[in-house]
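Novice: Give me a model of this one.
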Amino acid sequence: MQSSIFTRLVSLVRYICCVGLILGAVVRPSSHLVFASEDQQRLAKSLSHYTMGLVADLLGETEEGIKEYKQALHDADNYTSHLHLGIDYARLGNLQPAMDELLLAAKINPDDLKSHYLLALVYSTKNEFDKAANEYELILKHFSAIEPENIEIYSYLGQLYYSRGKFTKAIEQFEKILFLEPKNAEMIYVLGSLYLEIGNRQKAIELFKQSLSIDEKNEGSLNSLGYVYAEDGVNLDEAVSLVKRALEISPDNGAYWDSLGWIYYRKGMYVEALEFLQKANSLLEDAVIYDHLGDVYLKLNEVEKAKKYWGLALKLSPEQTSIIKKLQEFEHHPTHTQTLSSAPARNFPENSNGDISNENRKKYSTQENSRDTSQKSR
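Specialist: Here you go, the predicted structure:
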């Protein structure tokens, strides 16, 4: 049924295009040419085949549409035929020819965003995410120029740059947002996180504090400021308070529990650190949490468990050179690493002989038994 409709429509389109061609020649006669020029004939034929391609697409005759668009391009090269040919190839799952046609369309008409958007989708389907990101970047830049006060566009562009590791460019976008909305606590937090990424810790701390001065319950800033303090080994009591406030808002956030555990590690309170890091690990599988657990177990003289968690961290994030060095140190200098981990945890009260009290050894042992049981149940 569809084929018969298609055939009749094709005949109709050809008739219309022929009439248009004749009328064009009659209304604009040349002293040298009675009929339309050769170029006009090619353009008319191309238009005829392009229109038939559209009809085929409407009827779901994708392969027929491809034939018509190809013929249209044979008669006269044009943007729209390349675009629709690319769409039809993509529809059939022929991604490479789809990309080829869409790239030609973009080259002919770089200001039209349809080809760039479709290219982004095809690249994403092929897992070529960098190329897809380039197309999205072009689209977002175009819209930001048209709507310079639309903070959503700057946010999308900033997130795109962040995902690609282009932190300086991401910072530029979020600073544009803050120029338009200087009291946006969430954007100030995001900007602080970006400054951390480029190593400007002081600027990051200032921004986290600024965010909290606007919104004291901004959990991202609470956690990040506390974690930075822990990393720097400063203001550790304040860091505990900050992260606990974040946990009051989001009690099931594994990253926040990790921050709390790491603060206690920096305070030398390794049993408490272990408890909070185990809680983090129960909520979130993350290389940083595994790494922190390994460090805590080392301080507790549990060398095999330390190696186990560092190994898990490497599985999730193989590029972590610091963990590779730790494991290599165990392989090459096992005696030395035992010495490194021999200092008792400062949170264990010591008896008069300087040994860790039996009560606290029991506390640690109980935690470990509980941990093993919970892992088996999962």
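Novice: Run a quick neighbour tally on Gly294.
Specialist: 24 (other C-beta atoms under 10 Å). No exception for glycine: its C-beta is placed from N, CA and C like everyone else's.
Novice: Kindly report the same for Asn200.
Specialist: Asn200 - counted by other C-beta under 10 Å - has 15 other residues nearby.
Novice: Pull up the gap between it and Ser155, please.
Specialist: 21 Å (C-beta to C-beta, to the nearest Å).
Novice: for Ser81, what are its contacts?
Specialist: Ser81 is in contact with 46, 49-50, 53, 69, 72-73, counting by C-beta atoms under 8 Å, 6 or more residues apart in numbering.
Novice: quick one: low-confidence parts of the stretch 251-378 of the chain?
Specialist: For the stretch 251-378 of the chain, applying pLDDT under 70 flags the ranges 332-378.
Novice: repeat that for 50
Specialist: Across the stretch 251-378 of the chain, the ranges flagged by pLDDT under 50 are 336-378.
Novice: can you give me the strands in the chain?
Specialist: In the chain, no strands are defined using DSSP state E.
Novice: quick one, what contacts the residue nearest to the spatial centre of it?
Specialist: Closest to where the C-alpha atoms of the chain average out (C-alpha atoms, centre = their mean) is Ser163, at 4.2 Å. The contact partners of Ser163, by C-beta under 8 Å, 6+ apart, come to Ala133.
Novice: quick one: which of the contacts of Ser81 sit in helices?
Specialist: The helices, defined by DSSP state H, take in 46, 49-50, 53, 69, 72-73 from these.
Novice: Tell me the most packed of these, by neighbour count.
Specialist: Using other C-beta under 10 Å as the neighbour criterion, Tyr69 leads the ones in helices among the contacts of Ser81 with 30 neighbours.
Novice: For that one, give its distance to Phe167.
Specialist: Counting by C-beta to C-beta, the gap from Tyr69 to Phe167 is 43 Å.
Novice: repeat for Leu85
Specialist: 39 Å.
Novice: now Ala44
Specialist: Counting by C-beta to C-beta - Ala44 and Phe167 are separated by 54 Å.
Novice: What of Glu149?
Specialist: Relative to Phe167, and taking C-beta to C-beta, Glu149 is found at 24 Å.
Novice: Comparing the two, which residue is more hemmed in?
Specialist: Phe167 (18 against 10).
Novice: Quick check: chain neighbours aside, which residue is closest to that one?
Specialist: Nearest residue to Phe167 in three dimensions, chain neighbours excluded: Glu197, at 4.5 Å (C-beta to C-beta, 6 or more residues apart in numbering).
Novice: Which pLDDT does the model give that neighbour?
Specialist: You'll see Glu197 listed with a pLDDT of 95.
Novice: Surely it and Lys166 touch.
Specialist: No: the criterion here is C-beta atoms under 8 Å, and Glu197 misses it with Lys166 at 10.3 Å.
Novice: any idea what sits nearest Leu225, other than its immediate chain neighbours?
Specialist: In space, Leu225 is closest to Phe208, 4.1 Å off (C-beta to C-beta, 6+ apart).
Novice: Next: Ser193.
Specialist: Ser224 is the one closest to Ser193 (C-beta to C-beta, 6+ apart), at 6.3 Å.
Novice: what's the closest non-adjacent residue to Leu138?
Specialist: Nearest non-adjacent residue to Leu138, counting by C-beta to C-beta, 6+ apart: His116, 5.5 Å away.
Novice: And for Asp295?
Specialist: Tyr265 (6.6 Å).
Novice: hang on, the earlier thing: measure the residue nearest to the centre of the chain to Val234 for me?
Specialist: 31 Å.
Novice: Please apply the same query to Val296.
Specialist: For Val296 relative to Val234 (C-beta to C-beta), the value is 20 Å.
Novice: Tyr270 contacts Leu300, correct?
Specialist: Yes: contact criterion C-beta under 8 Å: Tyr270 and Leu300 qualify, at 5.6 Å.
Novice: Asn253 versus Leu43, what's the distance?
Specialist: Leu43 is 63 Å from Asn253, by C-beta to C-beta.
Novice: now do Met99
Specialist: For Met99, the distance to Asn253 - C-beta to C-beta - is 41 Å.
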